[in-house]
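**Q** Structure, please.
(3 chains)
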Amino acid sequence: MTPGSGFRLRELIDRFGGTLIGNPEVVVSRVASLATASAGDISFLSHRKYRSQLRATAASAVLVDAEGALETELPRIVSDDPYLYFAKVSQLLNPSARANPGIHPGAVVGPDSEIPASASIGPGCYVGSGVRIGEGAVLGPHCVLGDNTRIGDLTQLFASVTIYAGCTIGRRCIIHSGAVIGSDGFGLAREKERWTKIPQVGSVVIRDDVEIGANTTVDRGALDDTVLEDGVKLDNQIQIGHNVVIGAHSALAGCVGIAGSTRIGRRCTIGGAAIILGHLEIADDVHISAGTLITRSIQEAGSYAGIYPFDSKSDWARNAAHLRHLDSLVERIRSLEKKLAALERKK
Amino acid sequence: MTPGSGFRLRELIDRFGGTLIGNPEVVVSRVASLATASAGDISFLSHRKYRSQLRATAASAVLVDAEGALETELPRIVSDDPYLYFAKVSQLLNPSARANPGIHPGAVVGPDSEIPASASIGPGCYVGSGVRIGEGAVLGPHCVLGDNTRIGDLTQLFASVTIYAGCTIGRRCIIHSGAVIGSDGFGLAREKERWTKIPQVGSVVIRDDVEIGANTTVDRGALDDTVLEDGVKLDNQIQIGHNVVIGAHSALAGCVGIAGSTRIGRRCTIGGAAIILGHLEIADDVHISAGTLITRSIQEAGSYAGIYPFDSKSDWARNAAHLRHLDSLVERIRSLEKKLAALERKK
Amino acid sequence: MTPGSGFRLRELIDRFGGTLIGNPEVVVSRVASLATASAGDISFLSHRKYRSQLRATAASAVLVDAEGALETELPRIVSDDPYLYFAKVSQLLNPSARANPGIHPGAVVGPDSEIPASASIGPGCYVGSGVRIGEGAVLGPHCVLGDNTRIGDLTQLFASVTIYAGCTIGRRCIIHSGAVIGSDGFGLAREKERWTKIPQVGSVVIRDDVEIGANTTVDRGALDDTVLEDGVKLDNQIQIGHNVVIGAHSALAGCVGIAGSTRIGRRCTIGGAAIILGHLEIADDVHISAGTLITRSIQEAGSYAGIYPFDSKSDWARNAAHLRHLDSLVERIRSLEKKLAALERKK
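**A** A predicted model of the protein is given here:
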C-alpha cells in the first residue's frame, strides 16, 4: 500500500466509533499482530495473555478495551470489543480485490444462461444452461455450475467450486475452493443384501451472506431442500447431509459433520469435528464443544460437551480399562452400601 | 413432468408388487414427503412418528405397511417395506438424465484411449493415454482420468472427479464431485528424523454398482491393490487408506476413515465419522456406531459402539474429571470391600 | 519392466549397505508383498506376524532383520530396519515418471509469470500473474495457481490442486489432487447476532520435502503466515487452520484437524482423526493416538491418548450410562469410606 493510502485514527473513529487516546492524525495503513507490527501498522489486544506483547509492540496504534488502554502509551482506540473493531478496520484496509468483469474466453457457457456484464467468469469455468448469475458475482478459475443454478449478486466463488444442477446461492456469499454443493445425499434402501438408491430430487438453497470453507460438502435434499439460512458460516472440510436446515448466523468449525434431516437453530456454534446425528432438532443458541457427538435432540440453549479427556498414553490406558466394567463397579458400590447399612443396623 | 407422464397405481403394483387399496387408476407423477405433497404426488410412511402427517397429507396416494394402511383413507399400496418401495417408485419417476453422447470439443484425450460413441466426455475433461471407457459412461465437466484407467459401462462421474493412473472403476458406478481415486497411500519409513517415501505401486480396483460421495478419497495400494467390492456405498468426505478391502454391499456414512491394510467384511454399516485403525479385520455383518474408534479386529457379526455420552458442558466437566482417576477409584472400592469383609468377620 | 532392467543384490548392498546372505548375482526388478511375490521380486519382513508368509514366499530375495535372516533360505539382505531398506529399494526400482517439460497448449498462464523450460504445466492448468515456478516442477492437469505463488524446484502437483494467491511451496514437495492451499482461515468477530469477517491477510509457507495428501486443506494466516516446515508429511483429508505452524518432519495421518494458531513441534506424529484445538503449543517428539482430542498444550515429549474403548453396543450402553453419574458415584464412595471409618473407630 502506498504511503498516504492509509487512514487517520480520527477517520476510524468517525466510521466505527470508540474513544481515541493520543494523536488523531496518526496514519495506519496495515493491520498486524502485536508481535510483528511495525510503523504504519495498527494492532489489537484481544486477550489478557498478550499484554506483554502490547507493551513491546512497534505498532503505530492499537485497539484496546478500557483495561488495555491503561497498559500502553501508544495512540489507541478504546472500545468494548477490540476484536470486532479490528475486524472492521481490517476490512477497511483490505478491500477484497474484485476480479475484472467479463467472461474469460476459456470458459464454456451453456444456452439460456444470464450473465450480467458486471459479473466475472474465470478461465476454465463451465456454466450449464439456464443459469442466472447476479450482478458483480465472481467465479474463480475452474468453477462448475450445473444447469439452472442461481448465483446471487456480489457472491464470490474461489477456484474449483462445483455446484450441482438446480442449486441456489444467495447474495454476498463466499465459497472456497473444492467445495461441492448439491451432491446426492446418502439415501439408500436395503433389499436383501443390496442397496437401492433413492433419487435425491430436492436441492440446496443457500441464503445471503453465507461463507463456505474449502472442500466442504453440502448435499442436496432427498425430497425437500437442504437449507443454509442467512449468515451461516461453515469452515473447511464440513459435511452437511441431505435435508439439513441450519439456522441463521450459526457457525460451524472445521471437520464438523451434520447427518441427514437434522435442524440446527439460529446463532449456534459447533466446535471442530463435532458430529450431529440425523433427524435431530437443535435449539437456537446451542454451543457444542469440539469433538462432541450429539446423539439426541437439544431443546434448551446452552453449552454441551462429550469429550474423552486425554492423558499420557499409559495413564489413559490404566484408567480407560475400567470403562468396560463401570456397570459391575457400580454394582460393587451398591453391594457395599447394603452391607454397610446392615452392619450399621446391627449396632 | 407433463400431465399424463405419470404412472397409474395399478402399473406400480404390476412392477413392484404390494397390495393396492383404493382406486387403481389414480395417476402419480412425483414423489414427495407427506408434509409437502400435493395432488399428483405419491408419498410414504416409513416411521410411526410421522403418523399425524399421514392423516394430513395432500398426496394422491401413499406407500404404507399393514399398520399404516389402517390410518389413512387415501389410495395406498401396502407392502412390508414402504421405504424400499418408495425407492423403487422414485427411481421410476426420476430416471437419471443421461448426458448427450460424444466428446466435448473442450476435452483433451490422450493417445491410444478408447471411447465408445455412446459415452459422454464433458467440457474440460482430461483423459490420459491408454484409457478405456465403457459403453454409455458419462464424465461430467472437468474430470481427470490418468493414463491406463478403466471406466466400466454406464458408470457416471459427476464434475471434477480425479482418478489417478492405472485405476479401474466397474460398471454402473456413480462417483461424485471432488472425489479422488488412486492418490498415494501414506507410506513412510523413518530414517533418523526424516521420512523416506515408499512408492505406492499398487492401484485401486472398484467393482460394479459402487457409489462414492463428494470429496471422498481412496488411496492406491502400496504393493497390492485397494479394493471396493460390488455394491459398496461410500458417503462424502470419507478416507480409505492404502490396501484397504471393503466387502460387497457395505455402506459407510460421511467422514468415516479406514486406515491402511484393514479389511472390512460384507454387508457392514459404519456410522458417520467412525474410524477404523489399520491392519485390522472386520467380519461380515458388523455394524459400527457413528463416532466410534475401532482399535482391534472384530471377529463376530453384531453392533459395536464406543461413544462418549454428551451432556451439558458443566455436568460433563464435573463427571469427566473423574475419568483420570478411575484407577484409584477402583482401588478405593477394593479397599472398602476388604475392610468391610474384615468388619463382617469380626461379628 | 524389461528383463535385465533390475538390480543385482550386490548392487543394492553397494548402494544401501546391509549384509547379504546368498547369491549376490540374483536380479530383482520389482518390489512385492511376501504373499504375492513371484520370481524377480524382492520382498521384506517388517513384522513377526508375517513369518509364515516369509517361509512360503516365491520372492527371489527378501529384506530381513537378524532374526528374520534365520527363518528363510532365500537370498536375503539383513539390516536393522528392513522396512526402511525396502523403501529405498522401492524408490530405486520405481523412479517417479516425470512429465514431459513444457506448457500444454490448453493451459492459461498470466503475465509476468516465470516458467522454466524444464517445468511441466499440464492441460487445463491456470497459472496467475507474477507466479514463479522452479526447475523441473510439474503441475498435473487442472491445477490452479493464484497470483504471485511460488513453486520450488522439482515439486510435483498432481491433478486438480488449488493454490491461492501469494502462497509459497518449497522444493521437492508432492501435493495430491484436491488439496487446497491458502484458503481463508475461519476468522469471524461477532456483532450482535451477525458475524463480521476478518480478512485473512497472511499467507501459507510450505518448506522443502513436504508431502500433502488428497483433499487436504491448509488455510492462509489471518495476519502472519501458516507454516509447514521441512519434511512435514500430511495424509489425506486433513484440515490445517490459520496461523498453525507444524515443526519439521512431523507426520499427520488422515482426517486430522489442527485449529488456528496452534504450534506443533518437530518429529511429532498425530494419529488419524485426532483433533488439536487452537492456540496450543505441542512440544517436539509428541505422539498423539488416533481419535484423540487435545484440549491443552503439551510441554513434554511422549505419547498421549484419549480414546473411548469400543465394545459391543449393548455392553457399551450399559457401562456408558454411568458416565453421567460418575460424580455422584465418587460421592457414594466417599460416604462409604466415612461410614466405614466411623464403624471401625467404634470397635
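**Q** near chain B, which residues of the stretch 101-250 of chain A show up?
**A** Residues of the stretch 101-250 of chain A lying close to chain B (C-beta under 8 Å from any C-beta of the partner chain) are A:108, A:124, A:126, A:142, A:144, A:146, A:160, A:162, A:164, A:178, A:180, A:183-184, A:186-191, A:193-199, A:201, A:215, A:217, A:219, A:223-224, A:237, A:239, A:241. In short, each C-beta sits where N, CA and C put it, glycine included.
**Q** Among those, which lie within strands?
**A** Counted as lying in strands by DSSP state E, out of these, are A:108, A:126, A:144, A:162, A:180, A:183, A:188-191, A:194-197, A:217, A:219, A:239.
**Q** Walk me through the domains of chain A.
**A** Using automatic domain parsing, the domain parsing of chain A gives A:7-93, A:102-304, A:313-346.
**Q** Quick check: which of these is buried the most?
**A** domain A:102-304 (a mean of 23; mean count of other C-beta atoms under 10 Å in any protein chain shown).
**Q** Is it in proximity to chain C?
**A** Yes: Domain A:102-304 is in contact with chain C by C-beta under 8 Å from any C-beta, via A:104, A:106, A:122-124, A:140-142, A:158-160, A:174, A:176-178, A:209, A:211, A:213-215, A:231, A:233, A:235-237, A:248-249, A:251, A:253-255, A:266-267, A:272-273, A:290-291.
**Q** Which of the domains of chain A has the lowest mean pLDDT?
**A** Ranked by mean pLDDT, the domains of chain A end with domain A:313-346 in last place, scoring a mean of 92.
**Q** chain center to that domain, what's the gap?
**A** 44 Å (C-alpha atoms, centre = their mean, to the nearest Å).
**Q** next structured bit after the helix or strand containing A:Val89?
**A** According to DSSP states H and E, A:Val89 maps onto helix A:82-93. Counting by DSSP H and E, the next helix or strand C-terminal to helix A:82-93 is strand A:102-103.
**Q** Walk me through which strands that following strand pairs with, and which way each runs.
**A** strand A:120-121 (parallel) (DSSP bridges).
**Q** from the middle of its chain, how far away would the partner strand be?
**A** 25 Å.
**Q** And the helices in chain A?
**A** Applying DSSP state H to chain A gives helices spanning A:9-16, A:51-56, A:82-93, A:313-320, A:326-346.
**Q** B:Leu9: which of those is closest?
**A** Closest to B:Leu9 of the helices of chain A is helix A:326-346 (C-beta to C-beta; 52.1 Å).
**Q** And that closest one, what does it pack against?
**A** Helices and strands touching helix A:326-346, by 3 or more C-beta pairs under 8 Å, 6 or more residues apart in numbering or on different chains; DSSP states H and E, are helix B:326-346, helix C:313-320, helix C:326-346.
**Q** and that helix, C-alpha only, in PDB?
**A** Provided in PDB are the C-alpha atoms of helix A:326-346 (Å, rounded to 0.1, in the frame of the first residue of the first chain):
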ATOM      1  CA  LEU A 326     -18.300 -49.500  35.100                       C
ATOM      2  CA  ASP A 327     -21.500 -51.300  35.500                       C
ATOM      3  CA  SER A 328     -20.000 -54.000  37.700                       C
ATOM      4  CA  LEU A 329     -18.200 -51.300  39.600                       C
ATOM      5  CA  VAL A 330     -21.500 -49.600  40.300                       C
ATOM      6  CA  GLU A 331     -22.800 -53.000  41.400                       C
ATOM      7  CA  ARG A 332     -19.900 -53.400  43.900                       C
ATOM      8  CA  ILE A 333     -20.700 -50.000  45.400                       C
ATOM      9  CA  ARG A 334     -24.300 -50.800  45.700                       C
ATOM     10  CA  SER A 335     -23.400 -54.100  47.500                       C
ATOM     11  CA  LEU A 336     -21.000 -52.200  49.800                       C
ATOM     12  CA  GLU A 337     -23.800 -49.800  50.700                       C
ATOM     13  CA  LYS A 338     -26.200 -52.600  51.500                       C
ATOM     14  CA  LYS A 339     -23.700 -54.500  53.600                       C
ATOM     15  CA  LEU A 340     -22.600 -51.400  55.400                       C
ATOM     16  CA  ALA A 341     -26.200 -50.400  56.200                       C
ATOM     17  CA  ALA A 342     -26.800 -53.900  57.600                       C
ATOM     18  CA  LEU A 343     -23.700 -53.500  59.800                       C
ATOM     19  CA  GLU A 344     -24.900 -50.100  61.000                       C
ATOM     20  CA  ARG A 345     -28.300 -51.500  61.800                       C
ATOM     21  CA  LYS A 346     -26.700 -54.200  64.000                       C
END
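**Q** next one: phi and psi at the nearest residue to A:Tyr126 once chain neighbours are set aside?
**A** Distances taken as C-beta to C-beta, 6 or more residues apart in numbering or on different chains place B:Pro141 nearest to A:Tyr126, at 4.1 Å, with adjacent residues excluded. Per-residue torsions, B:Pro141: phi -60, psi 140 (degrees, to the nearest 10).
**Q** pretty sure A:Arg318 contacts B:Asp327?
**A** Yes: A:Arg318 lies in contact with B:Asp327 (C-beta atoms under 8 Å); the separation is 4.9 Å.
**Q** Quick one: end-to-end length of stretch A:74-83, please.
**A** Using C-alpha to C-alpha, to the nearest Å, the end-to-end distance of stretch A:74-83 comes out at 18 Å.
**Q** What distance do you get for whichever residue of chain A sits closest to chain C to C:Ser160?
**A** Distances between chain A and chain C by C-beta to the nearest C-beta are smallest at A:Phe310, namely 3.0 Å. For A:Phe310, the distance to C:Ser160 (C-beta to C-beta, to the nearest Å) stands at 36 Å.
**Q** ok, now A:His104?
**A** 18 Å.
**Q** how close does A:His176 get to C:Val180?
**A** 7 Å.
**Q** what's the overlap in contacts for the two?
**A** A:214-215, A:236 (C-beta atoms under 8 Å, 6 or more residues apart in numbering or on different chains).
**Q** Relative to C:His249, how far out is A:Ile169?
**A** For A:Ile169 relative to C:His249 (C-beta to C-beta), the value is 42 Å.
**Q** With A:Val138 instead?
**A** Here the criterion is C-beta to C-beta. By it, A:Val138 lies 39 Å from C:His249.
**Q** so who does A:Leu277 touch?
**A** Counted by C-beta under 8 Å, 6+ apart, A:Leu277 has contacts A:259, A:262, A:293-296, B:272, B:290.
**Q** Next, give me the two most distant ones among the residues you listed.
**A** Farthest pair in these, by C-beta to C-beta: A:Arg296 and B:Gly272, 15.1 Å.
**Q** What's the nearest residue in chain A when you look at chain B?
**A** Closest point on chain A to chain B, by C-beta to the nearest C-beta, is A:Gly306, at 3.1 Å.
**Q** In contact with A:Val131, which residues?
**A** Shown in contact with A:Val131 (C-beta under 8 Å, 6+ apart): A:109-110, A:113-115, A:145, A:147-151.
**Q** so what's the backbone phi/psi at the residue lying closest to it once chain neighbours are set aside?
**A** Excluding its sequence neighbours, the residue lying closest to A:Val131 (C-beta to C-beta, 6+ apart) is A:Ser113, at 4.1 Å. The phi and psi values for A:Ser113, taken as degrees, to the nearest 10, are phi -100, psi 140.
**Q** A:Ser113 and A:Arg132 touch, don't they?
**A** Yes: assessed by C-beta under 8 Å, A:Ser113 is found in contact with A:Arg132 at 7.2 Å.
**Q** and the residue nearest to the residue of chain A closest to chain B when sequence neighbours are not counted, how many residues sit next to it?
**A** Leaving aside its sequence neighbours, A:Gly306 sits nearest to B:Phe310 (C-beta to C-beta, 6+ apart; 3.1 Å). When neighbours are defined as other C-beta atoms under 10 Å in any protein chain shown, B:Phe310 has 22 of them.
**Q** My read is that B:Phe310 contacts A:Ser303, right?
**A** No: applying C-beta under 8 Å as the test, B:Phe310 and A:Ser303 come out as separate, 10.7 Å apart.
**Q** Quickly list what's touching both of these two.
**A** A:Ile288.
**Q** per-residue confidence for the residue nearest to A:Gly306?
**A** As predicted, B:Phe310 sits at a pLDDT of 96.
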